[in-house]
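K.L.:
Sequence first, predicted coordinates after that:
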Amino acid sequence: MLHTVQGIVLRTTDYGEGNKIVRLLTREAGKVGVMARGAKKLNSRLGAASQAFTRGEYVYFRTSGLGTLSSAEIADAHHGLREDLMKSAYAAYMAEMVDRMLEDGDGSAVLFDQLAAALTAIEENKDAQIVVHIFELRMLMLAGYMPVLDTCVSCGSSSGPAAFSPQLGGTLCPNCLFKDPRGVPLTEAAWKLLRMFVGIDIRRLGATTVKPETKAVLKSILRAYMDTHIGVNWKARSFLDQMEKYPLP
């Protein structure tokens, strides 16, 4: 059966001398894998459309298992992401989240639109860390691991949190801090942003200005929560950490 979809390249794997296996997040069919025959060859008509982060229209034939890519028309090549190592690292982390948290066939038009908007936002120099945090919450919501942010995860109090407990799955009020001594201290600013991020459509994300200390709290909370509940050794995130620790001159 022939399929025509809007797709974003999540990753590619070399296969044989001239072929690539391409993992796509599609708007119509969720995550799919296709074989791009000859894509490694210099004159291949599928080569450019098989590069990471590329968005376009993909036509593939599939009866079962891996599909075979027939043609592709690029809508956005995202050269700016691949040419900037830091931007590429952030983009790769989001693509890896989608690839590793979704099974084949999983996904939605909403997730496709949010990933497309997130890649564009980073390419357009919007705060990449903030974009990634919003997308992390999108993926957690999709996976059914959304943290409790509006009330205390232990007693249900809405008086305001004092810490975030990755282990218990949400915020803790001052009276319940003893429930998790390793909880991450949560500032008012970070708490407000976390709740705001849940409802933000990345397509409408404007310019953001967040203090470095608040960004540090957000990063600490979401990293700890992802590691506790998703439990994936993120390759792209490790590279991103190295880039942040040893920035290019």
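P.N.:
Thanks, I have it. Numbering: from 1, shown residues only.

K.L.:
Give the buried residues for the helix or strand in which T214 is found.
P.N.:
Using DSSP states H and E, the element containing T214 is helix 212-229. Neighbour counts over helix 212-229 (16 or more other C-beta atoms under 10 Å) mark T214, K215, V217, L218, S220, I221, L222, R223, A224, Y225, M226, H229 as buried. Heads up, the C-betas are built off the backbone N, CA and C, glycines and all.

K.L.:
Please, where are all the helices along this protein?
P.N.:
Assigned by DSSP state H, the chain shows helices spanning 79-82, 85-101, 109-123, 128-143, 188-199, 212-229, 235-245.

K.L.:
just how off-centre is the first one within its chain?
P.N.:
Think helix 79-82. Helix 79-82 sits 16 Å away from the centroid of its parent chain (C-alpha atoms, centre = their mean, to the nearest Å).

K.L.:
cool, the fifth one as well?
P.N.:
Centre-to-centre, helix 188-199 and its host chain are 18 Å apart (C-alpha atoms, centre = their mean).

K.L.:
Which strands or helices does it pack on?
P.N.:
Contacts defined by 3 or more C-beta pairs under 8 Å, 6 or more residues apart in numbering; DSSP states H and E place helix 188-199 against helix 128-143, helix 212-229.

K.L.:
Please save the CA atoms from that helix in CSV.
P.N.:
C-alpha atoms of helix 188-199 as CSV (Å, rounded to 0.1, in the frame of the first residue of the first chain):
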residue,chain,number,x,y,z
GLU,A,188,8.0,30.3,43.1
ALA,A,189,9.3,31.4,39.7
ALA,A,190,10.1,27.8,38.6
TRP,A,191,6.8,26.5,39.9
LYS,A,192,4.9,29.1,37.9
LEU,A,193,6.8,28.3,34.8
LEU,A,194,6.3,24.6,35.1
ARG,A,195,2.6,25.0,35.3
MET,A,196,2.6,27.5,32.4
PHE,A,197,4.6,25.1,30.2
VAL,A,198,1.9,22.5,30.5
GLY,A,199,-0.5,24.6,28.5
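
K.L.:
can you give me the angle that helix makes with helix 212-229?
P.N.:
On the basis of axes from the mean of the first three to the mean of the last three C-alpha atoms, to 10 degrees, helix 188-199 is oriented at 60 degrees to helix 212-229.

K.L.:
What residues sit buried inside helix 188-199?
P.N.:
Of the residues in helix 188-199, A190, W191, L193, L194, F197 count as buried by neighbour count, 16+ other C-beta under 10 Å.

K.L.:
quick one: contacts for the closest residue to the fourth one other than its chain neighbours?
P.N.:
In other words, L194. Once flanking residues are discounted, L194 sits nearest to L149: 5.4 Å by C-beta to C-beta, 6 or more residues apart in numbering. Shown in contact with L149 (C-beta atoms under 8 Å, 6 or more residues apart in numbering): G170, T171, W191, L194, R195, V198.

K.L.:
The residue nearest to the fifth one when sequence neighbours are not counted and M196, how far apart?
P.N.:
Just to be clear, that refers to R195. Distance criterion C-beta to C-beta, 6+ apart; nearest residue to R195, sequence neighbours excluded, is L149 at 5.1 Å. Distance from L149 to M196, counting by C-beta to C-beta, to the nearest Å: 10 Å.

K.L.:
residues touching the residue most central in space within the chain, list them.
P.N.:
Nearest residue to the geometric centre of the chain (C-alpha atoms, centre = their mean): M94, 2.5 Å. Counting by C-beta under 8 Å, 6+ apart, M94 makes contact with L115, A118, L119, V132, F135.

K.L.:
Ok, T68 next?
P.N.:
For T68, the contacting residues are V34, M35, R37, Y60, F61, R62, by C-beta under 8 Å, 6+ apart.

K.L.:
tell me the two of the residues you listed that are most distant?
P.N.:
R37 and R62 (13.8 Å; C-beta to C-beta).
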